[in-house]
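Student: need a 3D model of the following:
(2 chains)
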Amino acid sequence: MEKRLILRGLLCGALAGLLAFAFARIFAEPQIDKAIAFEEGRGEAQLALDAAAGLAVPPEEGAVFTRAVQADVGLGIGIVALAIALGGLYAVAFSLAYGRVGATRARALALYLALGGFLTVYFVPFLKYPASPPAVGDDETIEQRGILYLSMVLASVALGILAVWFGRWLRTRHSTWTATLLAGAAFLVAVAVLIAVLPSFGSLSVGSPETETPGPLLDPGGNIVYEAFPADVLYFFRLYSVGAQVILWGALGLAFGPLAARLLEPAAGRARAGVPAAQADPVAGSAS
Amino acid sequence: MSIAPGTHAADRPAPLSVPATFLWTALMVVAGLAVYYFVGIDQGMVSIFGSDTHIHEFVHDARHFLGFPCH
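Tutor: Have a look, this model is predicted:
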């Protein structure tokens, strides 16, 4: 059973990844191209400033892959591979949660878990450390940023699991409605504390700027020689990043639910097909 | 819910036994986390192939777009 659930999770993950990739290819790539154009233009302006100031100019690095490969094959394989992995992990979480969170049926549980995955694996970390296009982010701080981002993912997944346990415990003394609201509020408070306590990415860089988004490039006289990172590119990149994750987790939950229900609850499937539950057992009995 | 009133306790979903599912669960968790690592993290903050950047550059756009800190 476990093997069959995981296989379905991997398949649904692949489907969800392909949909998210199609969305990313159409909507995100133009923004990534603009961000890279900004990065190159700003780099050239910086080199010109450095040369004028008599600083050594570093040799240019060669690209390992062309932009076409990165935008088509790399983007596709990266998103689909991650979606397949998330689909498998999601199926594992489903098989552990199924039957252990009250009377929640397979299809509903699949959607709740997809929502939980979206929130804890992506969206809560995003609230503190949002996805950033190329050119936004200081190369020198990649280690700290990586550790902070992973800590945020781990902490929000752990807090999500704790909130569910807390809700199950509250359910023994309150209504489902009240227990759900209280557990949800506890999760929000814990996440807010986490966001308030962890340092921002910008503060890691030299001079602790308020943000890691590049501001305008100034010459020694204080004149702007290159514009700041375009606000629209940052906005649309992040909006589409959230959009792709909604597509990914939404497709995963919607596709996996019915497959899991057919595997785990064949009798309930017949009841849903129009046979009232009270009569489902005798009908099933006489049919077999 | 589509479950009619009068549904009895026997209709509650039965949990899968953890010992019986342990092998596949463990394999999936290890493989899943490995893929998460290679798509999201390797050759950025840490690298198991030294200073090579092929994986990083190949999944570059995906890494940015999926929300991982990149470079």
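
Student: ok, now which ones touch residue 34?
Tutor: No chain in the question, so chain A it is. Taking C-beta atoms under 8 Å, 6 or more residues apart in numbering or on different chains, we find A:Lys34 in contact with A:230, A:233. From N, CA and C alone the C-beta is placed, and that goes for glycine too.

Student: correction: the question concerned chain B.
Tutor: Residues in contact with B:Ala34 (C-beta under 8 Å, 6+ apart) are A:Ala85.

Student: please determine how far it is located from A:Val136.
Tutor: 28 Å (C-beta to C-beta, to the nearest Å).

Student: sec struct for A:Val225, please.
Tutor: Three-state call for A:Val225 (DSSP: H, G, I helix; E, B strand; the rest coil): strand.

Student: just checking, it touches A:Leu47?
Tutor: No: using C-beta atoms under 8 Å, A:Val225 is not in contact with A:Leu47, being 11.4 Å away.

Student: please, which helix or strand holds the closest residue to chain A within chain B?
Tutor: Closest residue of chain B to chain A, C-beta to the nearest C-beta: B:Ala62 (2.5 Å). Using DSSP states H and E, B:Ala62 falls within helix B:60-65.

Student: what's around A:Phe38, how many residues?
Tutor: 21 (other C-beta atoms under 10 Å in any protein chain shown).

Student: can you tell me the element it falls in?
Tutor: helix A:29-52.

Student: which parts of that helix are buried?
Tutor: A:29, A:31-36, A:38-39, A:42, A:45, A:49 (16 or more other C-beta atoms under 10 Å in any protein chain shown).

Student: nearest to A:Gly167, of these?
Tutor: A:Gln31 (38.3 Å; C-beta to C-beta).

Student: what about the closest residue to that closest one other than its chain neighbours, which helix or strand?
Tutor: Distance criterion C-beta to C-beta, 6 or more residues apart in numbering or on different chains; nearest residue to A:Gln31, sequence neighbours excluded, is A:Phe237 at 4.4 Å. Using DSSP H and E, A:Phe237 sits in helix A:231-264.

Student: average pLDDT for that helix, rounded please.
Tutor: Averaged over helix A:231-264, pLDDT sits at 97.

Student: any idea which helix or strand comes after the lengthiest helix in chain B?
Tutor: Taking DSSP state H as the criterion, chain B has its longest helix at helix B:18-40. Sequence order places helix B:54-58 as the next helix or strand after helix B:18-40, per DSSP H and E.

Student: does any part of that next one sit near chain A?
Tutor: Yes: among the residues of helix B:54-58, B:54, B:57-58 lie within reach of chain A under C-beta under 8 Å from any C-beta of the partner chain.

Student: and the nearest residue to A:Phe126 once chain neighbours are set aside, how many neighbours?
Tutor: Spatial nearest neighbour of A:Phe126, excluding adjacent residues (C-beta to C-beta, 6+ apart): B:Gly67 at 5.7 Å. Other residues within reach of B:Gly67, judged by other C-beta under 10 Å, total 24.

Student: I'd say B:Gly67 and A:Tyr122 touch.
Tutor: Yes: contact criterion C-beta under 8 Å: B:Gly67 and A:Tyr122 qualify, at 6.0 Å.

Student: overlap in contacts of those two?
Tutor: With C-beta under 8 Å, 6+ apart, B:Gly67 and A:Tyr122 have common neighbours A:Gln245.

Student: just to revisit the earlier point, and the longest helix of chain B, C-alpha only, in PDB?
Tutor: Listed next in PDB are the C-alpha coordinates belonging to helix B:18-40 (Å, rounded to 0.1, in the frame of the first residue of the first chain):
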ATOM      1  CA  VAL B  18       4.300   2.100  10.600                       C
ATOM      2  CA  PRO B  19       6.500  -1.000  10.700                       C
ATOM      3  CA  ALA B  20       5.000  -2.300   7.500                       C
ATOM      4  CA  THR B  21       5.600   1.000   5.700                       C
ATOM      5  CA  PHE B  22       8.900   1.800   7.200                       C
ATOM      6  CA  LEU B  23      11.200   0.600   4.300                       C
ATOM      7  CA  TRP B  24       9.500   2.600   1.600                       C
ATOM      8  CA  THR B  25       9.000   5.600   3.800                       C
ATOM      9  CA  ALA B  26      12.700   5.700   4.700                       C
ATOM     10  CA  LEU B  27      13.800   5.200   1.100                       C
ATOM     11  CA  MET B  28      11.400   7.900  -0.200                       C
ATOM     12  CA  VAL B  29      12.500  10.400   2.500                       C
ATOM     13  CA  VAL B  30      16.200   9.900   1.800                       C
ATOM     14  CA  ALA B  31      15.700  10.100  -2.000                       C
ATOM     15  CA  GLY B  32      13.300  13.100  -1.700                       C
ATOM     16  CA  LEU B  33      15.700  15.100   0.500                       C
ATOM     17  CA  ALA B  34      18.600  14.300  -1.800                       C
ATOM     18  CA  VAL B  35      16.700  15.700  -4.800                       C
ATOM     19  CA  TYR B  36      15.700  18.800  -2.700                       C
ATOM     20  CA  TYR B  37      19.400  19.200  -1.800                       C
ATOM     21  CA  PHE B  38      20.700  19.000  -5.400                       C
ATOM     22  CA  VAL B  39      18.000  21.200  -6.900                       C
ATOM     23  CA  GLY B  40      18.000  23.800  -4.200                       C
END
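
Student: right, I'll call it a day here.
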